[in-house]
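> A predicted structure for the sequence below; I have some questions about it.
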Amino acid sequence: MKSTTAETPKQRWAREVLEPALKTAPERDIPFTTISGRPVERLYTQDDLGGFDYARDLNHPGEYPYTRGIHPTGYRGRLWTMRQFAGFGTPEETNARYKQLLAAGGTGLSVAFDLPTLMGRDPDHDLSLGEVGKCGVSIASLADMERLFDGISLGDITTSMTINSPASMIFAMYLVVAEKQGADWTRMSGTIQNDILKEFIAQKEYIYPPRPSMRLITDVFGFCAKEVPRWNTISVSGYHIREAGATALQELAFTLRDGIEYVQYGIDAGLDVDDFVPRISFFFNAHSDFFEEIAKYRAARKIWAEVMRDRFGAKDERSLKLRFHTQTAGVSLTAQQPYNNVVRTALQALGAVLGGTQSLHTNSLDEALALPTAEAATLALRTQQIIAHESGVTNVVDPLGGSYFVERLTLDMEQGAKDYFATIDRMGGMVEAVEQGYPQREIAESSYRFQQAVEAKDKTIVGVNDYVVDEETTISTLYIDETTAERQIGRLRELRQRRDSGRVRRTLDDLRRTAEGTGNTMDALLDCVRAYATVGEMCDALRDVWGEYEEVPSI
Amino acid sequence: MDKIRVVIAKPGLDGHDRGAKVIARALRDAGMEVIYTGLRQTPEQIVAAALQEDADVIGLSILSGAHNHICPRVMELLQEKGLGDVLVVVGGIIPDVDIPKLRAIGIEGVFLPGTPMQAIVDFITGHVRPRAETV
C-alpha cells in the first residue's frame, strides 16, 4: 500500500545519498552515544525540530525563558568570573595562593576546606587524624579565618566557599571577619555552597538528618534577605552529582529538583518567593561531551524560569533567571599522561562558556594525582583567559542557538528532566526521595554502566584504555605533610586557653536553645563565632540537639 | 571452591564513594561475596567487620591523603586479631612516594586511578590465600 505522507527532505536525503554511501563506506562499528550513553543520530535537520517554536522554546537572550542566556549582551558586557577553587594546608599557605591567583588576573576567590572542617570536626578530634589540611585549608575558628583573608579586603572581592553541613558556621566567620575589616554586609557579595541535598545524594559530607539540615539552609535564606541581601545563599550543585557518576540528564534533573525543594522549604518556612529565590545560584559540571553539556545548561535556564513562574508564581525577573558557576570535570582527568588533561579541560571550559556560565573553575592537569601545584593552577587559569580573549567565542551571544542538533538535545534534556521531576514529586519530594535512596541508586547504576563501557572499550579514554604508553610521564605534585596538623592543633590549644571560656559556653548554650526552638540559627552562630567558638564546638552543639545522620550502605 | 569473601571499606572522613561502589559491584559480578561497610569506618570497625564476616580480602578506598595514618593501623589490628593472612589492597589517590611505605607494611595491592576493574579482580584471585579454617 502506498504511503500517503510525503517524504521529508531528510528521508529523501537518506534514500538518495546516505544509503548508497553506507554501502561503499560503512560507519565505524561503535555505539554512537554521548558520554552519558544517550544515542545520537548522524544528522539533525529542521525535520528533527517539529513543533519547535522560537518564541516559546528559545526567545532572545535576556528574555523569558532565557534559553539563550540571561544577559542580552552575553559576554560582550562582562566576561564570566574566573574563579579558581583553592585551599590546602594552613590558612597562611592558602592566603599566599589567593594573593598569587589575584595577581595573575583571577577575579574572585573560591575556598576549598579540608575534610575535618567540611565534616564539622576540630583538627584535634580523633576522626581528623591524617586529614588536617590535606584536601583543603584547615579552618577551626575565627582566628583561622582572619589569617585566611589577611590583607584581602572582603568588601572589594567576591568569595565562594565550598562548605555545606557547616555552611552557616563558616559564613558567620566570614561575616565577622568582614565586620572587623569595617566592610558593609549589605554591599558584600559572594556565595556559600550550602547545598545539603547533593551531599546526601552524592558527596556524602552530611552531619545532621535531612530535615534539620534543611532548616539551617532556610535560616540562611531568611537571614540574608534582611542582612546580606547581595549574598548568594546557596549554590545548588550538580557538580558532585555528576562526579559521582550521574549522566548529564541526571545531573540536570536532580540538581534542578533539589533547587525546587529548597524553594518549597523556603516558602514553607514563611518566606516570600521573590525575597529569597533571586539569591539562589547553581553549580554545574562541564564534562567532556561537548554538545550534550551545552544543551544541559540551556535546558537548565529554560526549566528554572518556567518552574519558578508557573509552579511558584515568582514575579521578580531575578527569580526566573538561573545563574550558574561551572567547574570542568575532575573525574574525566587521568593520572596517565597528565598533560592530556590540559586539552580535556580546555574543551570542557569552552562548552561551559558556549553554555553561558557566569563563573568558571578550570581544573589543573595534576587533578587526578594531588591538589594542584602553583604552576598547574596558573596554567588552568590561562586556559580560561585564552578562551576569553583569543578564541572569539565571546563576541556573539549564544552562538550555537539554532543549531538543529543543539536545539533538539536541549528539548530532549528538558523533557527528560521533567520526567524525573514527576517521579520525585510522586515520592513526595527530594527529601523523601533521598531518604528512600532513589537518586543514590540511579547514580550508582549509571557510574557502573559507564565503567563497564570503558572496560569494553565502547568508550575510549585516551591514555587509559587506548593509546597507552609504557613509560609514564611523571610530573611534580603538591605534597601536604603532617606539619599542618601539628601547627593547627597547637594553635587550637592556645586559643582554648586564651579565649573567654564562659562566653563561649554561654553562646553555645544559646545556640542549642535556638536549635530546639524556632529562632534563626544564624544570629546565634554569629555570637558563637565572635566568642571564638570552634567549628567543632558549634557543630557538636547542634549534634546534641539534632543527632547525626547515617546512611544505610548499599552497592 | 568457596566464594572469595571481600570487605570493601571506606575509612576516613571522605565521602566520595563512587570508586568503592563500582569496585564492590565488579567484584560481586566476578563471583565474589562482597560486604560493603559504608562510609567513615574506623580501622577498628573495619577489622571487626573482617573478623565477623570471615573475610579473605579487605579493600580500602582512600582518596583524601589519610592513607599513611589509616593503613598502618588496619595492618596492626589485623595482626593483633590473628588475621595476618587476610589480603589487604588499597585503591585511590596515593602519591608515588607513599606506595613503597604501604607495600612495606604488608599492603600487597595499591591501585591508582584508571586501573581496570578486571585487573583488580585478577589481582585478588591471584593473591588471595586459602582461609586457615577451610579444610
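Perfect, I can see it now.
> the nearest residue to A:Glu227 once chain neighbours are set aside and chain B, how far apart?
Here the nearest residue to A:Glu227 in space, its sequence neighbours aside, is A:Trp185; by Cβ to Cβ, 6 or more residues apart in numbering or on different chains that works out to 5.7 Å. Glycine gets a C-beta too; all of them are placed from N, C-alpha and C. Note on A:Trp185: its distance to chain B, by Cβ to the nearest Cβ, to the nearest Å, is 32 Å.
> give me the low-pLDDT residue ranges for chain B?
B:1, B:131-135 (pLDDT under 70).
> centre-most residue in it?
B:Gly59 (1.5 Å; Cα atoms, centre = their mean).
> which parts of the stretch 51-200 of chain A are strands?
A:81-86, A:108-112, A:159-162, A:190-192 (DSSP state E, counting those that start in this stretch).
> closest to chain B out of those strands?
For the strands of the stretch 51-200 of chain A, distance to chain B was read as Cβ to the nearest Cβ. The smallest value, 12.4 Å, belongs to strand A:108-112.
> and the longest helix belonging to chain B, what's buried?
The helix that spans the most residues within chain B, counting by DSSP state H, is helix B:67-80. By 16 or more other Cβ atoms under 10 Å in any protein chain shown, the buried positions in helix B:67-80 come out as B:His67, B:Asn68, B:His69, B:Ile70, B:Cys71, B:Pro72, B:Arg73, B:Val74, B:Met75, B:Leu77, B:Leu78.
> and chain B, which residues reach chain A?
For chain B, the residues in contact with chain A (Cβ under 8 Å from any Cβ of the partner chain) are B:8, B:12-18, B:21-22, B:24-26, B:28, B:34, B:36-40, B:42, B:64-70, B:93, B:95-97, B:112-114, B:116-118.
> what's the PyMOL syntax to select whichever of those residues are buried?
The PyMOL selection below is limited to those of the residues of chain B next to chain A classed as buried (16+ other Cβ under 10 Å):
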select buried, chain B and resi 8+12+13+14+15+16+17+18+21+22+24+25+26+28+34+36+37+38+39+40+42+64+65+66+67+68+69+70+93+95+112+113+114+117
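> from the residues of chain B next to chain A, which land in helices?
Checking the residues of chain B next to chain A against DSSP H, those in helices are B:18, B:21-22, B:24-26, B:28, B:67-70, B:117-118.
> now stretch A:302-321: average pLDDT?
Mean pLDDT, stretch A:302-321: 98.
> where do the strands sit along chain B?
B:5-11, B:33-41, B:57-62, B:87-92, B:109-111 (DSSP state E).
> how about these, which one is nearest A:Ala143?
strand B:33-41 (27.5 Å; Cβ to Cβ).
> distance of the residue nearest to A:Thr460 when sequence neighbours are not counted relative to chain B?
In space, and not counting its chain neighbours, A:Thr460 is closest to A:Asp466: 4.8 Å by Cβ to Cβ, 6+ apart. Remark: distance between A:Asp466 and chain B (Cβ to the nearest Cβ) = 12 Å.
> okay, and the beta partners of A:Asp466?
Beta bridges link A:Asp466 to A:Val462 when assigned by DSSP bridges.
> these two touch, right, it and A:Val454?
No: checked against Cβ atoms under 8 Å, the pair A:Asp466 and A:Val454 is beyond contact range at 10.2 Å.
> so what touches stretch A:10-20?
Residues from elsewhere that reach stretch A:10-20 (Cβ atoms under 8 Å, 6 or more residues apart in numbering or on different chains): A:Glu7, A:Arg42, A:Leu43, A:Thr45, A:Asp47, A:Asp48.
> contacts only, for the fifth one.
Think A:Asp47. Contacts of A:Asp47 by Cβ under 8 Å, 6+ apart are A:Thr8, A:Pro9, A:Lys10, A:Gln11.
> can you do 6 Å?
A:Thr8, A:Lys10 (Cβ atoms under 6 Å, 6 or more residues apart in numbering or on different chains).
> tell me how far it lies from A:Ser332.
Per Cβ to Cβ, to the nearest Å, A:Asp47 is found 33 Å from A:Ser332.
> now swap in the last one and tell me
Plainly put, A:Asp48 is 28 Å away from A:Ser332 if you go by Cβ to Cβ.
> same drill for A:Asp466 and A:Val454, tell me which one is more crowded.
A:Val454 (17 against 10; other Cβ atoms under 10 Å in any protein chain shown).
> the strand or helix carrying that one - contacts with which helices or strands?
Element membership of A:Val454, judged by DSSP states H and E, is helix A:438-455. Applying 3 or more Cβ pairs under 6 Å, 6 or more residues apart in numbering or on different chains; DSSP states H and E, we find helix A:438-455 packed against helix B:18-29.
> spatially nearest residue to the residue in the stretch 1-150 of chain A positioned nearest to chain B, not counting backbone neighbours?
For the stretch 1-150 of chain A, the residue closest to chain B is A:Gly130, as judged by Cβ to the nearest Cβ, at 3.1 Å. The shortest distance from A:Gly130 to any non-neighbouring residue, by Cβ to Cβ, 6+ apart, is to B:His69 (3.1 Å).
> count of neighbours near the residue of the stretch 1-150 of chain A closest to chain B?
Neighbours of A:Gly130 (other Cβ under 10 Å): 22.
> test my guess that the residue nearest to A:Glu227 contacts A:Val228.
Yes: if you go by Cβ atoms under 6 Å, A:Trp185 and A:Val228 touch, sitting 4.9 Å apart.
> and those two? which has more neighbours close in?
A:Val228 (24 against 16).
> how close does the more buried one get to chain B?
Distance from A:Val228 to chain B, by Cβ to the nearest Cβ: 29 Å.
> any weak-confidence spans in chain A?
For chain A (pLDDT under 70), the answer is A:1-4.
> for it, what lies in contact range of chain B?
When proximity is defined by Cβ under 6 Å from any Cβ of the partner chain, chain A lies next to chain B at A:115, A:119, A:127, A:129-131, A:134-135, A:203-205, A:244-245, A:334-336, A:368, A:444, A:447-448, A:451, A:455, A:464, A:553, A:555.
> inside helices: which ones of these?
A:Leu115, A:Ala444, A:Ser447, A:Tyr448, A:Gln451, A:Glu455.
> what subset of those is buried?
A:Leu115, A:Ala444, A:Ser447, A:Tyr448, A:Gln451.
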